[in-house]
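Participant: I need the structure of the sequence given here:
(one chain, ligands or ions: 1)
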Amino acid sequence: MNSRSFILSTLVLGPAAAAALGAASTGTPFYGDPPDRTHPWAIHDRNRPQPPRVEPGTPSTQAQPGKPPSDAIVLFDGTAASLAKWESDTKPGTPPEPSKWIVKDGAMECVPKSGYIRTKEQFGDCHLHVEWSAPVKVQGDSQGRGNSGIFLMGLAEVQVLDNYDNPTYADGFAASVYGIAPPLANALRPPGEYQSIDIVFRRPLYRDGKLIDPGYITVFCNGVLVQDHTPLEGPGGHMKRSVARPFPDRGPLKLQDHGNPVRFRNIWYRPLPPRAAEGGTDGALTPEATLAKRKEIAAGLRAAAEKLPAAGTARFLQLAESLVYENESATAARVEQLAAAYVASLKALAGGAVEAKKGEAKSVQRALAYLARHGVVAPSYAPKSDLDAFTKARGWDDEKKK
Ligand code: MG
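Facilitator: So this is what the prediction gives:
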């Protein structure tokens, strides 16, 4: 059942009957606190989209890489064919060249002095998964042992380094944001074993030349949190104090050739949805963005209401619900008219027929109470006063719900 037919069945049949038909309830209108100046959604808003389904992957073992989640975009799966998704990181303006790294035992291995490699694909904010393994033969120390690097958008480096038993400067440690932030812990496995790295990357955002979000990097190394939403101070880098600056919208993922035959496997990413500052509708938005989204939700509810039966209360209640998002004057007038007509129709019923309308009348009463409580209609709203008096006279009052 799609959401449209779900809403239809819920409103026409009521939630209990809709549930009996197998439709899950996504919530009730006129329930939680309404949208406000910076939040387009009500609390427990049934109109808020359901999260997309992602089939989870499987964890990796040392012997075998796990399966990526269903929405992952695979950048390297251990095959020579997937190495073709990468190329040499040649200088801008020069023709592309195939990567000189090699595929060995289901991994891609850096060929020292062959140069950095980059993905042909370009992307921005992401959840990136990478597994790397430093050479079993331990050579060198500090920055010279098992060094490579994961460059997000080709700019900010999450360090790859064999620091299992190898001190170095802290802001150049494995899983550091190089030149910016040491990792919170050394959670490395010995050289030769695969390290499983998950990175959540948000690039810096600027508007009209002004910083509105510094960008953040979160990293888990072998399941241990090692970067906790670390703010970017620019891309970081070697020796020089990093300076905050805009990033492009997209860039390639780059892997570093630092002269060590480091291996990589099971590389995939999932693009992340936009933040509120760039068009997302979850979290606190600007008043302008909130207003625009509220208008859009209201327009959708009004359009859907017209497809509901004119008889009964379904259409009327959905139009009333739209006022919670946008108190549009023509709709408000129509809702008031429909509410007044509804109360009049109740009053016109004979004794036995009135009793049969108790549930319906109380659902309308609850909706009107919600609208009055949250200032969508005036406390003196005539249809509400009339209906309250009507239900009270019949002893239908339910103090808990008022
Ligand atoms: Mg490096």
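
Participant: Verify the assumption that Ala299 is located in a strand.
Facilitator: No - the assignment for Ala299 (DSSP: H, G, I helix; E, B strand; the rest coil) gives helix, which keeps it out of a strand.

Participant: can you tell me which residues contact it?
Facilitator: By Cβ atoms under 8 Å, 6 or more residues apart in numbering, the contact list for Ala299 reads 322, 326. (Glycine included, C-beta is placed from N, CA and C.)

Participant: and it, how far is that from Glu326?
Facilitator: Ala299 is 8 Å from Glu326, where distance means Cβ to Cβ, to the nearest Å.

Participant: Around the ion, which positions in the chain sit nearby?
Facilitator: 147, 149, 256 (Cβ under 5 Å from the ion).

Participant: Out of the residues you listed, flag the one nearest to the ion.
Facilitator: The ion lies nearest to Gly149 out of these, by Cβ to the ion, at 3.2 Å.

Participant: Tell me the spacing between Pro69 and Ser88.
Facilitator: Pro69 is 30 Å from Ser88, by Cβ to Cβ.

Participant: tell me the contacts of the nearest residue to Arg203 once chain neighbours are set aside?
Facilitator: Leaving aside its sequence neighbours, Arg203 sits nearest to Phe247 (Cβ to Cβ, 6 or more residues apart in numbering; 4.3 Å). Contacts were defined as Cβ under 8 Å, 6+ apart; by that measure Phe247 touches 124, 153, 155, 203-204, 215, 235.

Participant: Adding neighbour count as columns, could you present the residues of the chain next to the ion in CSV?
Facilitator: Listed next are the residues of the chain next to the ion as CSV, based on neighbours: other Cβ atoms under 10 Å:
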residue, neighbour count
Asn147, 24
Gly149, 21
Gln256, 21
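
Participant: Pick the one among those closest to Ala382.
Facilitator: Taking Cβ to Cβ as the measure, Ala382 lies nearest Gly149 of the residues of the chain next to the ion, at 69.7 Å.

Participant: Bridged to that closest one, which residues?
Facilitator: Under DSSP bridges, the beta-bridge partners of Gly149 are Gln159.

Participant: now the residue most central in space within the chain, nearest residue through space, not along the chain?
Facilitator: The residue lying closest to the centre of the chain (Cα atoms, centre = their mean) is Pro273, at 4.9 Å. Using Cβ to Cβ, 6+ apart and skipping residues adjacent in sequence, the residue nearest Pro273 is Gly280, 5.8 Å away.

Participant: Would you check how far apart Leu152 and Ala393 are?
Facilitator: Using Cβ to Cβ, Leu152 is found at 68 Å from Ala393.

Participant: neighbour count winner among the two?
Facilitator: Between Leu152 and Ala393, counted using other Cβ atoms under 10 Å, the more crowded position is Leu152 (28 against 9).

Participant: who touches the more buried one in this structure?
Facilitator: By Cβ under 8 Å, 6+ apart, the neighbours of Leu152 are 126, 128, 158, 199, 201, 203, 217, 251, 253.

Participant: rerun at 10 Å
Facilitator: The contact partners of Leu152, by Cβ atoms under 10 Å, 6 or more residues apart in numbering, come to 123-126, 128, 158, 177, 199, 201-203, 215, 217, 232, 235, 247, 251-254, 269.

Participant: Done for today, thanks.
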